[in-house]
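In: I'd like to go over a predicted model; first the sequence, then the structure.
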Amino acid sequence: MTTPRLVAFDLDDTLAPSKSAIDPRIGDLLVELARRVEVAIISGGQLAQFTTQVVDRLPDAAASVSARFHLMPTCGTQYYRIGAEGIETVYALSLTDDEKARVLAAVEQEAQRLGLWESETWGDILEDRGSQITFSALGQRAPLEAKVAWDPTGAKKSALRAAVAERIPDLEVRSGGSTSVDITHRGIDKAYGMNKLAEQTGIPLDDMLFVGDRLDPDGNDYPVLAMGVECHAVEGWEETAEFLEALIPTLPARS
């Protein structure tokens, strides 16, 4: 590809282990990257995750460098920048109260029916993220080992996704992380987020590069690959760090 003007990343298992803070090595590399190009993070997670996992862990940088970070929680239905006073809202869309009520009822009832509503969890199973409702089978703070063991084949998550989709056909129901199902307005995925990013920044998709760990056809990063954006697949934050250590020296520094 030609030299990217913007590099976008998935968050969990790309920049950091699921729901965990970035390693200082990643923090240093993200700032070095932002000295050269625009840097975006697109995830199904909410803003609080972006803040605790990434923003609060970034090393100090000039305001001009921090301003090159683009934060897109819930697959781009929310968009934030880092300004002089901290995180600033560009826009934040939301589900209606009626849509939220129907989603919450459908997910809990179908999870109960399928035997997927766990009695012992690490935090709430259902979370209202404004523009997205997220089901996390073991709770938002579940340890990685427990999440991996809960549904190693993805069959449980797929069964719940299909059952809930039948109940609320006017909304989008898709697999999220290792134990999660996300519900949004229809057409909301990471391809949507990339298109919104292009609209907001004026940078064409052809000048962007996306880095993610789930670029397989069943993965939640795949829509970005399918839309034709240049992508680089990784397995874990260590591979992302190695990739950035090779990429950054090839990019010209900006003033």
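Out: Perfect, thanks for sending it.

In: would you map the helices across the stretch 51-200 of the chain?
Out: 63-66, 97-113, 144-150, 155-167, 190-201 (DSSP state H, counting those that start in this stretch).

In: show me the shaky parts of the stretch 151-255 of the chain.
Out: 255 (pLDDT under 70).

In: follow-up on the earlier one: out of the helices of the stretch 51-200 of the chain, which one sits most buried?
Out: helix 190-201 (a mean of 20; mean count of other Cβ atoms under 10 Å). For the C-beta atoms, the positions are set from N, CA and C on the backbone; glycine is no exception.

In: who are the packing partners of that helix?
Out: Judged by 3 or more Cβ pairs under 8 Å, 6 or more residues apart in numbering; DSSP states H and E, the packing partners of helix 190-201 are strand 6-9, strand 38-42, strand 69-72, strand 78-83, strand 208-212, helix 222-226.

In: ok so, going back, out of the helices of the stretch 51-200 of the chain, which comes closest to residue 173?
Out: Nearest to residue 173, of all the helices of the stretch 51-200 of the chain, is helix 155-167, at 4.2 Å by Cβ to Cβ.

In: pull the CA atoms of that closest one into PDB?
Out: Taking Å, rounded to 0.1, in the frame of the first residue of the first chain, the C-alpha atoms of helix 155-167 are listed here in PDB:
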ATOM      1  CA  ALA A 155     -21.300 -21.900  19.500                       C
ATOM      2  CA  LYS A 156     -23.000 -20.500  22.600                       C
ATOM      3  CA  LYS A 157     -22.600 -16.900  21.400                       C
ATOM      4  CA  SER A 158     -23.800 -17.800  17.900                       C
ATOM      5  CA  ALA A 159     -27.000 -19.500  19.300                       C
ATOM      6  CA  LEU A 160     -27.800 -16.500  21.400                       C
ATOM      7  CA  ARG A 161     -27.100 -14.000  18.600                       C
ATOM      8  CA  ALA A 162     -29.500 -15.900  16.200                       C
ATOM      9  CA  ALA A 163     -32.200 -16.200  18.900                       C
ATOM     10  CA  VAL A 164     -32.100 -12.500  19.800                       C
ATOM     11  CA  ALA A 165     -32.000 -11.400  16.100                       C
ATOM     12  CA  GLU A 166     -35.400 -13.200  15.500                       C
ATOM     13  CA  ARG A 167     -36.900 -11.200  18.400                       C
END
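
In: what's that helix packed up against?
Out: Helix 155-167 packs on helix 97-113, strand 171-175, strand 180-185, going by 3+ Cβ pairs under 8 Å, 6+ apart.

In: recalculate using a threshold of 6 Å.
Out: Contacts defined by 3 or more Cβ pairs under 6 Å, 6 or more residues apart in numbering; DSSP states H and E place helix 155-167 against helix 97-113, strand 171-175.

In: re earlier: any chance of the helices of the stretch 51-200 of the chain in CSV with distance to residue 237 as columns?
Out: Converted to CSV, these look like this (distance: least, Cβ to Cβ, whole Å):
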stretch, distance to residue 237
helix 63-66, 21
helix 97-113, 30
helix 144-150, 12
helix 155-167, 23
helix 190-201, 18
